[in-house]
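Student: Sequence plus the predicted model coming up.
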There are 4 protein chains.
Amino acid sequence: METYSFKNDYSEGAHPQILQALVDHNLQQESGYGYDSFTTTAKELIQQKLQREADIHFVVGGTQANLLVISSFLRPHQSVIAADSGHIAVHETGAIEATGHKVNTVVTTDGKLTPALIQTVLDSHNDEHMVQPKMVYISNSTEVGSIYLRQELEDLYTFCQKNHLLLFIDGARLSSALTAKKNDVTLADIANLCDAFYIGGTKNGLLLGEAIVILNKDYATDFKYFIKQKGAMLAKGRVLGIQFTELFKADLFFDLGQHANTMAERLTNGLQAKGYSFLTDPSSNQLFPILPHAVIERLAHDFDFFVWQKIDEQYSAIRLVTSWATAEEKVNAFIEQLF
Amino acid sequence: METYSFKNDYSEGAHPQILQALVDHNLQQESGYGYDSFTTTAKELIQQKLQREADIHFVVGGTQANLLVISSFLRPHQSVIAADSGHIAVHETGAIEATGHKVNTVVTTDGKLTPALIQTVLDSHNDEHMVQPKMVYISNSTEVGSIYLRQELEDLYTFCQKNHLLLFIDGARLSSALTAKKNDVTLADIANLCDAFYIGGTKNGLLLGEAIVILNKDYATDFKYFIKQKGAMLAKGRVLGIQFTELFKADLFFDLGQHANTMAERLTNGLQAKGYSFLTDPSSNQLFPILPHAVIERLAHDFDFFVWQKIDEQYSAIRLVTSWATAEEKVNAFIEQLF
Amino acid sequence: METYSFKNDYSEGAHPQILQALVDHNLQQESGYGYDSFTTTAKELIQQKLQREADIHFVVGGTQANLLVISSFLRPHQSVIAADSGHIAVHETGAIEATGHKVNTVVTTDGKLTPALIQTVLDSHNDEHMVQPKMVYISNSTEVGSIYLRQELEDLYTFCQKNHLLLFIDGARLSSALTAKKNDVTLADIANLCDAFYIGGTKNGLLLGEAIVILNKDYATDFKYFIKQKGAMLAKGRVLGIQFTELFKADLFFDLGQHANTMAERLTNGLQAKGYSFLTDPSSNQLFPILPHAVIERLAHDFDFFVWQKIDEQYSAIRLVTSWATAEEKVNAFIEQLF
Amino acid sequence: METYSFKNDYSEGAHPQILQALVDHNLQQESGYGYDSFTTTAKELIQQKLQREADIHFVVGGTQANLLVISSFLRPHQSVIAADSGHIAVHETGAIEATGHKVNTVVTTDGKLTPALIQTVLDSHNDEHMVQPKMVYISNSTEVGSIYLRQELEDLYTFCQKNHLLLFIDGARLSSALTAKKNDVTLADIANLCDAFYIGGTKNGLLLGEAIVILNKDYATDFKYFIKQKGAMLAKGRVLGIQFTELFKADLFFDLGQHANTMAERLTNGLQAKGYSFLTDPSSNQLFPILPHAVIERLAHDFDFFVWQKIDEQYSAIRLVTSWATAEEKVNAFIEQLF
């Protein structure tokens, strides 16, 4: 028997409905570079969900979305503040620095930024011998699976606006955040609580694709120039337009996130039933259970996952990721192997 | 009746066989970031066609391929030499300059570089007050539809090696070049006549995708770091791996290029039969016929194309592009409307 | 006898009065990084000459001034338009491209840009596939010794403002331009006819130093951050403050430029008296006389100069540069050797 | 009475002997851009002190030296490791990031890096999703006044070589380090224990100037191109050549460092005699005594210094910096005011 992977949420191709849409519209001639009719439709559908105007652009990946927004919003001497676990700080091979900007990091326990944490950066940057912090970058859900509640986002955005900081939300796993049990914000709320964010598609059932949403009009000008300059503009923009149309023409975006969360909850319940605890509070589709090494070794015969962090001589935390494609019987099989 | 587009070679989605392959392998779990089995197979298949070892990487677009190769091969003070019609010099929104490098351009009549033209740049760059030319960039086929013959490529590469210049070939339309009537080089020849090139997929039947081929081992190290840093690494590398496997497991790559050329030849014959001449010698899937304005106006009712350049008060050159998807009946209809 | 150099205007150290000022104030304790009292005084003196407010910063060299202004004024997708003979286009080792920006060049005969020449660049840059021209860079005097008259500058600035282009003047040799016989603009005029310019000190009697003058308030914010980031901020800002105070506390800036021009005129008269013509109209402190090779060979025994351009088998143009330090007896000796 | 400044080591102009040398050679004609005879002599004198060959270049400031060496040594995906108190990490306005490179910081107590600290960075950077650490940056003396002993430098360099890391030493205050009481390395030792370093002149009696010394021949090629591209090349290279000739033609470099240290020791003795302790062990020309707020307030009437860090409600650490120019009577006056 082959192993089943809980390593990430991008092990399969696309949700079949997404792929079928690509097949259905395949031979229709369309304009290139994002001027196709599908891209137009997809933008309209997203704006309807946002219940407001917004400048929307589709690109193929998260690092690309991050570097595009950050490098186009900041002037050369400005920096972006991130959690030390933030994707741009750790896992993007210096993509932000490669565009000339420093990432100021702060240590967090749960992957989430707060006004107090941001203030520490502001306090230590006060003249022209240092970079000028100008943007705050958060991920929802975060890289350790936690999510932001409404009050937290409101506090952050109020603080940012008061301090002339731009707020940018990395939504690579936004579908899981917005359909999490504890979540109390809507997609429309998100759009009113930041200057820009992106809606992750790659980790939510698309072959590839993220939707950048720019709310702050001061920074929306000429964004297509940046997309082209960074090599992020597709000749066949339809590939993204068709997929995002399918994702948002009904509620597929939320349904897929919900499935991932449901599978995660089932895993959580199974693990808790056996008495295991978690490195971080289980909230979305990333779980960090702490297991005995013997259990981990046994599970590894049939399942793929990352061993995240050694806790002590007997225990380690592993990372389990569920997705739109996670099979319920595999979740059950995993739980059955716990002891 | 809707207009039919001869504007470019990326108006449709993917060749049905490509799309079917994506459907066939859709739910198979695979590793991310280019470590999937399809990517491995695609690399092997391409190496077989090249009849040699090579470092191969798949990315989504041509500008991305160009900026990755050029910015990773050059040191900060070095420049790349291109024809003034070269894609990097004109239509990439300064993507090369955005990575810190100057593009030295030379004026050409047919879009092709020669040792003599390159020598003029070398002659005028001789100390540390000027950039140091280190790479030569050519496109095959070129942006004006011409192709390089074997002797021309040999002369260029010999000249480059003698002058410590790297030779990089933009192959966005390599399929059309290699299946052109006048062509006398193979894919394996190309691999022996440059330091790096890329094989265009987007303009030859893929949803998206280009294969970067690095031959010069001095520059192959750590290339995946650059791909990630520039936001060009797909979480689902399988999307490119599956498509390129399909393109090269038999001769689809060449068949599609051949179809585009056959359609272009049919157009050429029809135009020549009416006595029309061309701005540049018809060689591949891009044609630049010179037509009376009245004819252009009539054709524009049923067909989309670019009006390329005004010749005089009565004539303009238009650009017609054929592709793997061009319908023969549309070509016939176009010819019938000539007068 | 040693040869005497007419190669450039930076062969000697500083005007003795400048050096004496450095000696006089040497042991006075001052704040660092441009907050010293001399820098404050120098800024006030320059503002008096400009008869208006301006944001003024002192840096050590021309390439530094150019890259600071251009990279801080432009957004990442924007380019600067320059004459093909412009210093930034030729002799700065790609300094502008190293900050990420393309330089669009236009061919000129006299080193000077005009609205019509700039319009050709605007006409060919009209969508997001190309860089967005946003700034015009001119030099006064130009790299071939010509100068801009008032009407020309007014036409340029009006055109720039109408087309949302910023105008930046490289004044490495501004002292010679403003004291040229044909000149009809003042330093105060210059400040009203562009968005930024710099006043050259290195080529006009300082050890080193250029004064960047920013007139457009939209771009004056945070400029000290850029100076620091590019390594252009001196710990001992006093070194520039003292020198510029001396240059502008009376009319030394103009007197030194005038001397250079007077020496150039004397050379011009001597050359014309022998019947020789010039490659470009003699206007400022750079002359390009066309001389027989035999004369050039004879002169080279006693004088250093660049052989600029071969005209034909018998004649070449040489470049002669005079400066604040040029000795009248050397000019006379040069003329005497003509035949 | 005016206050006397212990704020830094660049409050005065140049040592009189340096200034006199500039006066003495002022009107001698010389080649530009570092090809003058003084620059040649200065390089030879430094090589004699180093007792080996080296590629030497003179620039005007420390940030400039740092960004030149780091950006020319690293490939785009590589990073530099620094102490969190390192100058490049804190006080250069993101100059390194502006050239595209991440600075990996590690927390230190005494401003010094060790193999163990560096290893923590290597351990957490192991694939292409993260930057590739390639260089180690240390300062000697450090930003908190500590110095590296021979064994420490040997351990560091051995570790770096074993791990394919380049070692670069920021010597802005190298004169003070090499003449410190505890120091056991020579300038020649330094040159054998790193790949590159720079010798600070600005903080040791020059008007301005640092000497970059490249030992690793793999990285010495084309360095003048980088200097020019970053705006760091002086037309009048003589300004640096003359000063460094004066600094190294005898032992002025060491004498000035010694004076700064002697003054620092006198301050240290005076402070210790009153029973005060220090934030970091007094080693070179930067001292961080911990004083009661009442004492600090009294001293501030007559002396300028930075209040560095609040210790508790009664005490703060201040920073005192001595230099070649520090007057003994002012040191005595400072000590007399302690209570």
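Tutor: All right, it came through fine.
Student: Scan chain A for its longest helix.
Tutor: Secondary structure of chain A per DSSP state H: the longest helix is helix A:252-273.
Student: Describe which strands the following helix or strand past that one pairs with in its sheet and in which direction.
Tutor: Counting by DSSP states H and E, the next helix or strand C-terminal to helix A:252-273 is strand A:286-287. Strand A:286-287 has its sheet partners listed here by DSSP bridges as strand A:315-321 (antiparallel).
Student: now the helix or strand harbouring A:Glu329 and strand A:315-321, what's the angle there?
Tutor: Element membership of A:Glu329, judged by DSSP H and E, is helix A:328-336. Here helix A:328-336 points in a direction 170 degrees away from that of strand A:315-321 (axes from the mean of the first three to the mean of the last three C-alpha atoms, to 10 degrees).
Student: Pull the contacting residues for the residue nearest to A:Leu287 when sequence neighbours are not counted.
Tutor: Once flanking residues are discounted, A:Leu287 sits nearest to A:Leu320: 4.5 Å by C-beta to C-beta, 6 or more residues apart in numbering or on different chains. From N, CA and C alone the C-beta is placed, and that goes for glycine too. Each residue near A:Leu320 by C-beta atoms under 8 Å, 6 or more residues apart in numbering or on different chains is listed here: A:6, A:264, A:267, A:286-289, A:305.
Student: Widest-spaced pair of these?
Tutor: Among the contacts of A:Leu320, the pair separated by the greatest distance (C-beta to C-beta) is A:Ala264 and A:Phe305, at 13.0 Å.
Student: more crowded one of the two?
Tutor: Per other C-beta atoms under 10 Å in any protein chain shown, whichever of A:Ala264 and A:Phe305 has more neighbours is A:Ala264, with 27 against 21.
Student: Touching, that one and A:Phe288? I think so.
Tutor: No - the criterion here is C-beta atoms under 8 Å, and A:Ala264 misses it with A:Phe288 at 11.2 Å.
Student: Give me the common contacts of these two.
Tutor: Taking C-beta under 8 Å, 6+ apart as the contact rule, the neighbours common to A:Ala264 and A:Phe288 are A:282, A:320.
Student: Could you list the residues of the stretch 1-150 of chain A in contact with chain B?
Tutor: Within the stretch 1-150 of chain A, the positions lying close to chain B (C-beta under 8 Å from any C-beta of the partner chain) are A:4-5, A:8, A:10-14, A:16, A:19, A:22-23, A:25-32, A:59-68, A:92-95, A:98.
Student: Quick one, which of the residues you listed are buried?
Tutor: A:4-5, A:8, A:10-14, A:19, A:22-23, A:25-26, A:29-32, A:59-68, A:92-95, A:98 (16 or more other C-beta atoms under 10 Å in any protein chain shown).
Student: just checking, which of those belong to strands?
Tutor: Counted as lying in strands by DSSP state E, out of those, are A:4-5, A:59.
Student: can you dump the C-alpha coordinates of stretch A:234-243 into CSV?
Tutor: Presented in CSV, the C-alpha positions along stretch A:234-243 are these (Å, rounded to 0.1, in the frame of the first residue of the first chain):
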residue,chain,number,x,y,z
LEU,A,234,0.3,35.0,-18.0
ALA,A,235,-0.2,35.2,-21.8
LYS,A,236,-3.2,32.9,-21.2
GLY,A,237,-4.7,34.9,-18.3
ARG,A,238,-7.8,32.8,-19.0
VAL,A,239,-6.2,29.9,-17.1
LEU,A,240,-6.6,31.9,-13.9
GLY,A,241,-9.8,33.7,-15.0
ILE,A,242,-11.7,30.4,-15.6
GLN,A,243,-10.6,28.8,-12.4
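Student: And that stretch, how far out from the chain middle?
Tutor: Centre-to-centre, stretch A:234-243 and its host chain are 20 Å apart (C-alpha atoms, centre = their mean, to the nearest Å).
Student: Are it and chain B in contact anywhere?
Tutor: Yes - judged by C-beta under 8 Å from any C-beta, stretch A:234-243 and chain B are in contact via A:234-236, A:238-239.
Student: ok, back up a step: out of the ones in strands among the buried ones among the residues of the stretch 1-150 of chain A next to chain B, which comes closest to chain B?
Tutor: The nearest member of these to chain B, counting by C-beta to the nearest C-beta, is A:Ser5 at 4.9 Å.
Student: OK, now which residue of the stretch 101-250 of chain A is nearest to chain B?
Tutor: The nearest approach of the stretch 101-250 of chain A to chain B comes at A:Gly231, 3.2 Å away (C-beta to the nearest C-beta).
Student: Contact partners for that residue?
Tutor: Under the criterion of C-beta under 8 Å, 6+ apart, the neighbours of A:Gly231 are B:59, B:61, B:63-68, B:92, B:95, B:230-232.
Student: Spatially nearest residue to it, not counting backbone neighbours?
Tutor: B:Gln64 is the one closest to A:Gly231 (C-beta to C-beta, 6+ apart), at 3.2 Å.
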